[in-house]
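**Student:** Below is the structure, and that's it, no one-letter string:
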């Protein structure tokens with residue numbers, strides 16, 4: 001009885017396996033091909049239903065063992081024997097051709113029968129690879145794949161010759177789906193990273209109260225030199241590839257900037273009305289963290305994109321130890337809007353951003369100004385952006401950050417402030433990658 005049940009189970013499993021179409025992707029060559037392209041096509045083929053995918057490594061390993069790896073897919077007999085051994089009904093070979101800086105070019109694929117290695121169909125696809133692009137490819141190949149079989153076709157006696165009368169049928173043009181627009185519009189980058197050089201200068205003016213024992217009727221004024229440094233920016237959209245809905249456009253952003261070799265010319269107004277100047281070593285770093293939302297208008301890489309963000313920033317400006325002023329550290333909240341507007345082509349466009357700082361906390365460094373300070377500010381960025389090919393970008397622009405403080409009470413060594421104006425002017429030249 002147990003043996004009978006076991007045989008029934010085996011026959012059921014065999015029938016279920018036989019009901020599935022056995023498919024393999026042999027190779028997708030050229031720029032834009034390789035493992036990633038094969039995996040994306042395999043994913044969309046599985047979505048068609050009743051299809052079992054044999055891995056490309058399995059096919060390549062078996063071809064190497066049989067010594068026919070360099071003869072596929074041109075040797076139909078060798079391909080047919082290999083597919084029969086692996087129980088593959090249809091196999092796909094092809095690659096990208098004619099690519100350049102703007103993309104990988106056209107994708108040309110051929111479907112081969114698993115039984116005898118004969119060609120079941122040949123197709124050419126144009127467009128930018130993406131989820132919608134590979135879905136279109138899989139749906140186009142499906143009719144040819146369904147005709148594939150791991151068994152060679154049986155010989156059938158030819159029918160007697162018949163001389164049919166000529167029949168002329170009307171031919172209607174077959175609509176061809178343009179996937180280039182849909183794939184471009186459907187692509188949402190998962191990660192954007194850019195880094196490069198930054199240059200920053202700072203101007204600061206501190207006005208003391210008339211009753212202050214230091215800087216009476218005066219204050220501190222200075223200009224820092226344009227100091228070189230580095231800047232890194234990153235945006236991550238975790239749901240970009242997991243959904244086609246609005247959730248894919250929510251993400252997080254981080255920017256870090258640090259300058260080196262800076263020097264500050266400090267001008268101090270003394271109690272007797274005279275002034276003194278000092279050159280002080282300067283350190284500056286800036287970190288921001290945001291929650292972001294982006295939205296692209298229209299289709300294609302040349303379409304405008306807007307973004308909104310909310311988060312916080314940490315800005316530290318430290319001077320060499322001196323009795324007058326040692327620097328300030330800001331911890332501020334920020335709200336902002338941005339826009340990227342290509343000039344008719346993704347190769348060049350405008351990149352503008354505006355941000356508002358409703359409040360800032362100076363922490364312990366407030367004692368450099370007074371007992372307490374009410375601080376707010378804004379930031380403006382304007383520059384150019386270029387998208388080169390599919391994934392590379394270049395950015396260059398100017399950045400102005402302004403913070404104003406109303407100061408009250410006594411700070412370090414009894415100083416009493418009235419106001420402080422802080423201005424940061426930066427220049428950034430960055431190169432990036434996005435995918």
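**Tutor:** All right, it came through fine. Computed from a prediction, not measured in an experiment: that's the story for all the values here. Numbering: from 1, shown residues only.

**Student:** which residues of the stretch 151-300 of the chain fall in helices?
**Tutor:** Using DSSP state H, counting those that start in this stretch, the helices of the stretch 151-300 of the chain run over 179-186.

**Student:** Pull the number of nearby residues for residue 66.
**Tutor:** 14 (other CB atoms under 10 Å). (C-beta placed from N, C-alpha, C; glycine too.)

**Student:** just checking, it touches residue 78?
**Tutor:** Yes: in terms of CB atoms under 8 Å, residue 66 counts as a neighbour of residue 78; the distance is 7.5 Å.

**Student:** burial count for residue 360?
**Tutor:** As a burial measure, residue 360 scores 25 neighbours (other CB under 10 Å).

**Student:** I figured it hits residue 332, correct?
**Tutor:** Yes: checked against CB under 8 Å, the pair residue 360 and residue 332 is within contact range at 3.6 Å.

**Student:** What does the residue nearest to residue 435 when sequence neighbours are not counted show for phi and psi?
**Tutor:** Setting aside the residues directly before and after it, residue 435 is nearest to residue 391 in space (CB to CB, 6 or more residues apart in numbering), at 5.4 Å. Per-residue torsions, residue 391: phi -130, psi -20 (degrees, to the nearest 10).

**Student:** Let me know the pLDDT of residue 391.
**Tutor:** According to the model's per-residue confidence, residue 391 sits at a pLDDT of 84.

**Student:** What's the biggest strand in this structure, counting residues?
**Tutor:** Scanning the chain for the strand with the most residues, using DSSP state E, yields strand 275-296.

**Student:** So what's the gap between that strand and the chain middle?
**Tutor:** 25 Å (CA atoms, centre = their mean, to the nearest Å).

**Student:** Can you mark which positions in that strand are buried?
**Tutor:** 280, 282-286, 288, 290, 292, 294, 296 (16 or more other CB atoms under 10 Å).

**Student:** can you pull out the strands in the stretch 101-250 of the chain?
**Tutor:** Under the criterion DSSP state E, counting those that start in this stretch, the stretch 101-250 of the chain contains strands at 103-113, 119-125, 191-208, 219-224, 227-236, 250-269.

**Student:** Ranking helices and strands of this protein by mean pLDDT, which lands last?
**Tutor:** Across the helices and strands of the chain, mean confidence by mean pLDDT, DSSP states H and E is lowest for helix 179-186: a mean of 41.

**Student:** pLDDT weak spots in the protein?
**Tutor:** Flagging of the chain using pLDDT under 70 yields the residue ranges 1-19, 100-102, 154-188, 216-217, 242-245, 261-263, 268-273, 299-300.

**Student:** gap between residue 426 and residue 380?
**Tutor:** When distances are taken as CB to CB, to the nearest Å, residue 426 and residue 380 turn out to be 11 Å apart.

**Student:** should've said residue 82
**Tutor:** Plainly put, residue 82 is 64 Å away from residue 380 if you go by CB to CB.

**Student:** cool, residue 151 as well?
**Tutor:** Going from residue 151 to residue 380 by CB to CB gives 70 Å.

**Student:** coming back round to it: out of the strands of the stretch 101-250 of the chain, which is closest to residue 376?
**Tutor:** Each of those was scored for nearness to residue 376 using CB to CB, and the closest is strand 191-208 (16.4 Å).

**Student:** Can you list the helices and strands that the closest one packs against?
**Tutor:** Applying 3 or more CB pairs under 8 Å, 6 or more residues apart in numbering; DSSP states H and E, we find strand 191-208 packed against strand 219-224, strand 227-236, strand 250-269, strand 275-296, strand 392-408, strand 417-434.

**Student:** Buried deepest among these, which one?
**Tutor:** Looking across the helices and strands packed on strand 191-208 with neighbours counted as mean count of other CB atoms under 10 Å, the highest average goes to strand 219-224: a mean of 21.

**Student:** chain center to it: distance?
**Tutor:** Strand 219-224 has its C-alpha centroid displaced from the chain centroid by 41 Å (CA atoms, centre = their mean).

**Student:** Paired strands for that strand, with orientation please.
**Tutor:** Neighbouring strands of strand 219-224 in its sheet, by DSSP bridges, are strand 191-208 (antiparallel), strand 250-269 (antiparallel).

**Student:** what's the neighbour count on residue 107?
**Tutor:** Summarising burial for residue 107: neighbours were counted as other CB under 10 Å, giving 25.

**Student:** Do I have it right that it meets residue 95?
**Tutor:** Yes: proximity of residue 107 to residue 95 meets the contact threshold set by CB under 8 Å, at 7.4 Å.

**Student:** shared neighbours, the two?
**Tutor:** Overlap between the contact sets of residue 107 and residue 95, as judged by CB atoms under 8 Å, 6 or more residues apart in numbering, is given by residue 28.

**Student:** Domain-wise, how is this structure divided?
**Tutor:** Structurally, the chain divides into domains by automatic domain parsing as follows: 18-146, 190-434.

**Student:** Ends of the longest one, what's the gap?
**Tutor:** Counting by CA to CA, to the nearest Å, you get 7 Å between the two ends of domain 190-434.

**Student:** With stretch 61-77 instead?
**Tutor:** Start and end residues of stretch 61-77 are separated by 18 Å (CA to CA).

**Student:** Now tell me what touches it from outside.
**Tutor:** Contact with stretch 61-77 is made by 26, 60, 78-79, 81-82, 85-86, 91, 93, 110, 112, 116-118, as judged by CB under 8 Å, 6+ apart.
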